[in-house]
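*Asks:* after the sequence you'll find the predicted model.
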Amino acid sequence: MARVLITGGAGFLGSHLCDRFISEGDDVICMDNFITGSPDNISHLMGNKHFQFIEHDVTNYIYVEGILDYILHFASPASPIDYLKLPIQTLKVGSLGTHKTLGLAKAKNARFLLASTSETYGDPLVHPQPESYWGNVNPVGYRGVYDEAKRFAEAMTMAYHRYHNVDTRIVRIFNTYGPRMRIDDGRAIPAFMSQALNNEPVTVFGEGQQTRSICYVDDLVEGIYRLLMSDEHEPVNIGNPDELSMLDLAKTIIEITNSKSEIIYKDLPQDDPKVRKPDITRARAILGWEAKVDRKTGLTRTLEDFKKRLGV
């Protein structure tokens, strides 16, 4: 049995990680300040003897009593609508929050895993994106607050590994979806699903030819778990190379919801990546991992969760 701290544990990904570690028989401490997370995501765990919740802002000093075996730093706004609304908080949790959690890992002699992102590649000039690619990021653009916060967090994590010998891992997470995504978080799948279920116009940006590679949350959690248990210190991409255009995704969701929605087009946001697809050669070789849940199955599971929460 291990004792695990998950920051941002009441968020979409964090809550699924809480579930995974508890299913492994571990004790989980979930830390969140509910800026973008929700008590609903962890309500089913309240009262479980293996689960503890601490409401705290990780940009401040963190105190956790007792031993810690693993720290997973997932606290951060993670969708454009959030980090455009909360730019300073996004920068602080990527810098100060990472510093505080790494300091705790050093003090507790705990293994540390940083949730980084495919956004470190920016609007990529290399496709698909391998971990060796350094990215094409606009540091002073609107999205820079998230991109650069995560790039700084990676640099800080490697510095603690090299200078303080902290046992660190870095996962670069590509677009992920599934139950518990915030309906209003502004990302494509929640937006398309909520619009389609309500028979409202489905909003596609630009001409809809920009691509994303979408990974179901259960697959992502498995990849993160394998990385944590590995000996790999360099960044590893975890994502599904199943690439599709945003227009095709919108049409797929309209079809599976049997919606009467029409597609409308709006201007492409500044610095919106034109392509996004992970090169998962390293994940396959080091972790023996690749995504298993096909797009139709994953979207259907997600749709059932959205129907339940929207009451439709």
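*Replies:* That came in fine, so what should we check first?
*Asks:* can you give me the strands for the protein?
*Replies:* Counting by DSSP state E, the chain has strands at residues 3-7, 27-32, 51-55, 70-73, 111-117, 168-173, 176-177, 202-205, 211-213, 215-216, 236-238, 243-245, 263-266.
*Asks:* quick one: strands adjacent to the fifth one?
*Replies:* Which is strand 111-117. strand 70-73 (parallel), strand 168-173 (parallel) (DSSP bridges).
*Asks:* need the winner for burial among the ones you listed.
*Replies:* Highest mean neighbour count among the strands paired with strand 111-117 (mean count of other CB atoms under 10 Å): strand 70-73, with a mean of 26. C-beta: built from backbone N, CA, C; applies to glycine.
*Asks:* could I have it exported to CSV, CA atoms only?
*Replies:* Taking C-alpha atoms only, strand 70-73 is exported to CSV below (Å, rounded to 0.1, in the frame of the first residue of the first chain):
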residue,chain,number,x,y,z
TYR,A,70,4.1,9.6,-4.6
ILE,A,71,3.2,13.1,-5.5
LEU,A,72,1.3,13.8,-8.7
HIS,A,73,1.1,17.5,-9.6
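*Asks:* contacting residues around it?
*Replies:* Identification of contacts with strand 70-73 by CB atoms under 8 Å, 6 or more residues apart in numbering yields 2-8, 14, 17, 58, 97-98, 101-102, 104-105, 108, 110-115, 153, 224, 228.
*Asks:* wait, Pro87 touches Glu148, no?
*Replies:* No: in this structure Pro87 lies outside contact range of Glu148 using CB atoms under 8 Å: 10.8 Å.
*Asks:* which of the two has more neighbours?
*Replies:* More neighbours surround Glu148 than the other of Pro87 and Glu148, with 22 against 17 (other CB atoms under 10 Å).
*Asks:* returning to that earlier point: mind checking which of the strands of the chain is nearest Leu287?
*Replies:* strand 236-238 (7.1 Å; CB to CB).
*Asks:* for Phe53, which non-adjacent residue is closest in space?
*Replies:* Nearest residue to Phe53, sequence neighbours excluded (CB to CB, 6 or more residues apart in numbering): Cys30, at 5.0 Å.
*Asks:* same check on Arg295?
*Replies:* Nearest one to Arg295, counting by CB to CB, 6+ apart, is Asp242 at 5.9 Å.
*Asks:* pretty sure that neighbour contacts Thr211?
*Replies:* No: in this structure, Asp242 is not within contact of Thr211 by CB under 8 Å, at 10.4 Å.
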